[in-house]
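> requesting a structural model of the entry that follows:
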Amino acid sequence: MSEELRQDIRPRKHLMSFLMVLFVLTLGIGIGTLITYRVGAVGQGSSQLKIQTDGKPVAGSAVLALSQAFAEVAKHVEPAVVNINTEEVVRVSRRRNNQGGGQGDEAPDDFFHRFMPGIPNVVPQMPDQYTRQSLGSGVIVDPKGYIITNNHVVDRATKIKVSVAGGKEYTAKVVGADELSDIAVIKIDGESSFPVAKVGDAKAMKVGDWVLAIGSPFGLEQSVTAGIISTTGRVFDGRDGYGIGSMLFNDYLQTDAAINPGNSGGPLVNMNGEVVGINSFISTRSQQNAGVGFAVPSHIFASVYNQILERGKVQRGWLGVTMNTLPFTPSMAKYFGVKQGSGVLITGLTNEQGDTADTGPAAVAGIKPEDVIVEFGGKKIQSVQDLRLAVANTPPGQKTDVKAVRHGEEKTFRVTVIERKYEAAAAAEGNGGFSLEEKQEEVKPEIGLKVDDVPPAIAKNLPTPGGAIVVSVNPGSLAEEAGLYGQEQGGADIIMEANGKKIANALDLLNVVKGLKSNEDVVLKFVRLQRSTKGVQPNVFFTSITKP
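Predicted coordinates for the structure are as follows:
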């Protein structure tokens with residue numbers, strides 16, 4: 001090879017070597033950068049989530065203290081809270097055409113066999129019974145395994161299973177139950193003592209006090225919700241849409257702590273870790289929490305529990321009176337001479353069967369209709385529920401002083417209450433006429449009351465003849481506020497007296513109202529006819545209206 005050719009190739013080799021080194025270097029830098037990026041993405045860096053263990057509190061000390069208090073109370077009470085699962089065997093009444101009855105009496109398989117003989121059953125045989133399951137809660141109050149819950153949780157149950165904290169399950173038996181307070185006592189047996197919850201004083205609770213509701217909503221055991229006491233002494237008289245029955249002898253604690261199906265029977269706990277209520281029901285159309293729940297207070301469930309353990313049932317005192325359940329207005333207090341301004345107006349005396357008689361405890365002691373009871377056993381009486389609870393909580397056979405006002409004079413009676421027998425609440429039942437407003441211009445339409453003479457068919461059910469029957473009551477009127485029901489509303493109210501004057505017919509009432517001046521009061525005595533198992537019963541009430 002010539003010297004010139006060698007000199008020409010040598011520079012080319014150097015160039016190729018340089019380019020190869022440059023390529024390798026560039027590739028190495030690229031790979032290094034990529035690896036560094038990948039490591040940064042998955043390794044330690046600002047984007048990595050970390051669990052903080054040294055965080056500083058942001059909320060104030062009061063909020064933190066409340067949170068810690070909730071946790072401590074729940075920790076203290078939860079071991080005594082149980083989940084209750086019940087089974088009820090429901091028997092189905094099946095009608096068959098054994099007596100040659102109509103086609104409607106046949107079971108489906110009988111129908112197919114009669115019209116399509118030889119074809120096997122195409123309708124499955126309906127069972128004669130099935131099992132219905134339900135959930136609830138309860139709280140252990142005795143280390144021997146005694147549990148308080150709601151009556152409606154275990155009522156009619158054929159099998160009761162109780163799960164305690166930790167998941168262990170026991171079979172429970174019913175010791176006793178009380179439908180009127182909706183409280184039941186059940187018992188489980190274990191090899192050792194059970195943890196218990198302390199019972200606090202519901203009467204010491206105030207509106208705004210914090211409480212916890214513990215139970216098994218929707219079967220979710222050991223659930224805790226927090227809220228406040230919305231009101232105390234909440235009562236229901238059947239005129240507010242809740243009905244009566246099991247609510248007659250309760251004055252509930254109302255709370256906004258979340259209560260849902262499954263919470264029934266569980267404890268409502270104060271911040272001392274004490275049970276002040278047994279969660280009973282909620283006010284909601286959806287059957288789920290709407291922020292209005294009610295609990296049976298401790299002074300009621302403790303009394304029921306003690307009586308069940310002592311005598312196997314609950315006894316309540318009975319006085320033998322009918323009471324005016326409409327508001328006792330200032331006008332009525334003035335009319336009856338009640339200086340205290342409040343009390344319970346007695347409208348009648350009854351025997352144990354609920355019939356008008358002078359053989360009951362109140363009648364024997366000398367109490368009469370139109371007396372206003374202002375004190376019972378040393379307790380001030382301001383409402384019908386006050387008297388109802390005071391009498392019910394008095395042991396049968398006990399002698400009790402009762403103070404009443406009779407025509408402005410206070411009298412004291414010595415009454416011996418007897419055991420009350422529960423009577424079912426009577427259902428109320430209901431002609432043209434003329435309106436007070438139509439006949440006299442002096443009476444303004446705000447009264448909203450239309451009356452007529454009493455028809456003969458209704459008059460025969462009245463204790464005394466005469467009266468003016470209420471035909472209709474205008475919505476939003478003074479008459480509606482006074483609690484009067486018209487025939488058009490399904491009622492049967494007959495006004496018998498107005499300010500003490502006997503009312504023989506509708507015109508008599510019209511004249512009394514006509515004679516009133518503006519802002520003058522009229523106290524009305526009326527009979528409400530109510531249907532019961534004994535027929536139509538006339539019950540006496542009082543109310544008042546201020547003439548506009």
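> so G341 sits right up against A333, yeah?
Yes: contact between G341 and A333 holds when scored by CB atoms under 8 Å: they sit 4.8 Å apart. (C-beta placed from N, C-alpha, C; glycine too.)
> how far away is the closest residue in space to K173 that isn't next to it in sequence from V175?
The spatially closest residue to K173, leaving aside those adjacent along the chain, is K187, at 5.8 Å (CB to CB, 6 or more residues apart in numbering). Using CB to CB, to the nearest Å, K187 is found at 5 Å from V175.
> between those two, who's got more neighbours?
More crowded of K187 and V175, by other CB atoms under 10 Å: K187, with 18 against 15.
> can you map out the helices along the stretch 351-500 of the chain?
361-365, 384-392, 436-439, 456-459, 478-481 (DSSP state H, counting those that start in this stretch).
> show me which positions of the fourth one end up buried.
Going back to what we said before, that points to helix 456-459. Within helix 456-459, the residues that qualify as buried by neighbour count (16 or more other CB atoms under 10 Å) are I458.
> other residues contacting it?
P465, G467, I469, A492, I494, L529 (CB atoms under 8 Å, 6 or more residues apart in numbering).
> drop anything exposed from those residues.
The buried subset of the contacts of helix 456-459 (16+ other CB under 10 Å) comprises G467, I469, A492, I494, L529.
> quick one, domains of the protein?
Following the assignment in automatic domain parsing, the chain carries domains at 66-92+127-313, 317-419, 427-546.
> turn the ones you listed into a markdown table, including mean pLDDT.
Listed next are the domains of the chain as a markdown table, based on pLDDT from 0 to 100:
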| stretch | mean pLDDT |
| --- | --- |
| domain 66-92+127-313 | 87 |
| domain 317-419 | 93 |
| domain 427-546 | 80 |
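> among the contacts of helix 456-459, which pair sits farthest apart?
Spanning the widest gap among the contacts of helix 456-459 are P465 and A492, at 16.0 Å by CB to CB.
> as a check, name the ranges of all helices in the stretch 51-200 of the chain.
61-77, 108-115, 151-154.
> among those helices, which is nearest N272?
Here helix 61-77 is closest among those (CB to CB), at 7.9 Å.
> pull up the gap between the residue nearest to G265 when sequence neighbours are not counted and N83, please.
With sequence-adjacent residues excluded and distances taken as CB to CB, 6+ apart, G265 is closest to T149, at 3.3 Å. Distance, T149 to N83, by CB to CB: 11 Å.
> so which residue is dead centre in the chain?
Residue closest to the mean C-alpha point of the chain, counted by CA atoms, centre = their mean, is F281 at 4.2 Å.
> now for that residue: which residues touch it?
Per CB under 8 Å, 6+ apart, neighbours of F281: S264, G293, F294.
> on that earlier part again, to K514, which of the helices of the stretch 351-500 of the chain lies closest?
Short answer: helix 436-439, nearest of the helices of the stretch 351-500 of the chain by CB to CB, at 8.4 Å.
> quick revisit: shared neighbours of T149 and N83, anything?
G136, S137.
> how close does the closest residue to A295 other than its chain neighbours get to Y485?
Excluding the flanking residues, the one nearest A295 by CB to CB, 6+ apart is G277, at 2.9 Å. In this view, G277 and Y485 are 34 Å apart by CB to CB.
> now swap in I140 and tell me
For I140, the distance to Y485 - CB to CB - is 47 Å.
> with V321 instead?
From V321 over to Y485 (counting by CB to CB), the distance is 22 Å.
> neighbour count winner among these two?
Between V321 and Y485, counting by other CB under 10 Å, V321 is the more crowded of the two (23 against 19).
> just give me the neighbour total for the residue nearest to T546 when sequence neighbours are not counted.
Closest residue to T546 apart from its sequence neighbours, by CB to CB, 6+ apart: D521 at 5.2 Å. When neighbours are defined as other CB under 10 Å, D521 has 16 of them.
> for D521, give me phi and psi.
Geometry field for D521 lists phi and psi as phi -100, psi 150, criterion degrees, to the nearest 10.
> give the contact list for it.
Counting by CB under 8 Å, 6+ apart, D521 has contacts T329, S331, K334, Y335, S544, I545, T546, K547.
> ok, of the residues you listed, which come out buried?
Using 16+ other CB under 10 Å, the buried members of those are T329, S331, Y335, S544, I545, T546, K547.
> out of those residues, the closest to L135 would be?
Using CB to CB, the buried ones among the contacts of D521 come closest to L135 at T329, 45.6 Å.
> look up how far D521 lies from the closest one.
8 Å.
> which residues are in contact with each of these two?
Common neighbours of T329 and D521 (CB under 8 Å, 6+ apart) are S544.
> what are the boundaries of the strands in the stretch 51-200 of the chain?
For the stretch 51-200 of the chain, applying DSSP state E, counting those that start in this stretch gives strands covering 81-91, 129-142, 146-150, 159-163, 169-171, 173-178, 183-187, 198-199.
> please write out the alpha-carbon positions of the longest one in PDB.
Okay, so that is strand 129-142. Extracted as PDB, the C-alpha positions of strand 129-142 are listed here (Å, rounded to 0.1, in the frame of the first residue of the first chain):
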ATOM      1  CA  GLN A 129     -95.400 -21.200  59.000                       C
ATOM      2  CA  TYR A 130     -92.200 -19.200  58.500                       C
ATOM      3  CA  THR A 131     -89.500 -17.700  60.700                       C
ATOM      4  CA  ARG A 132     -89.200 -13.900  61.000                       C
ATOM      5  CA  GLN A 133     -86.000 -12.500  62.300                       C
ATOM      6  CA  SER A 134     -85.300  -9.100  63.800                       C
ATOM      7  CA  LEU A 135     -82.400  -7.200  65.400                       C
ATOM      8  CA  GLY A 136     -82.100  -5.100  68.500                       C
ATOM      9  CA  SER A 137     -79.800  -4.000  71.300                       C
ATOM     10  CA  GLY A 138     -79.600  -4.300  75.100                       C
ATOM     11  CA  VAL A 139     -77.500  -3.400  78.100                       C
ATOM     12  CA  ILE A 140     -76.300  -5.700  80.900                       C
ATOM     13  CA  VAL A 141     -77.100  -4.100  84.300                       C
ATOM     14  CA  ASP A 142     -76.300  -7.000  86.600                       C
END
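> correct me, but K144 touches I188?
No: K144 lies out of contact with I188 (CB under 8 Å); the separation is 9.2 Å.
> overlap in contacts of these two?
Common neighbours of K144 and I188 (CB under 8 Å, 6+ apart) are F194.
> list the helices and strands the strand or helix carrying T543 packs on?
Using DSSP states H and E, T543 sits in strand 535-546. Where contact means 3 or more CB pairs under 8 Å, 6 or more residues apart in numbering; DSSP states H and E, strand 535-546 is packed against helix 330-336, strand 344-349, helix 478-481, strand 521-532.
> just the angle between the longest one and strand 344-349, please?
Our comparison of strand 521-532 with strand 344-349, counting by axes from the mean of the first three to the mean of the last three CA atoms, to 10 degrees, yields an angle of 50 degrees.
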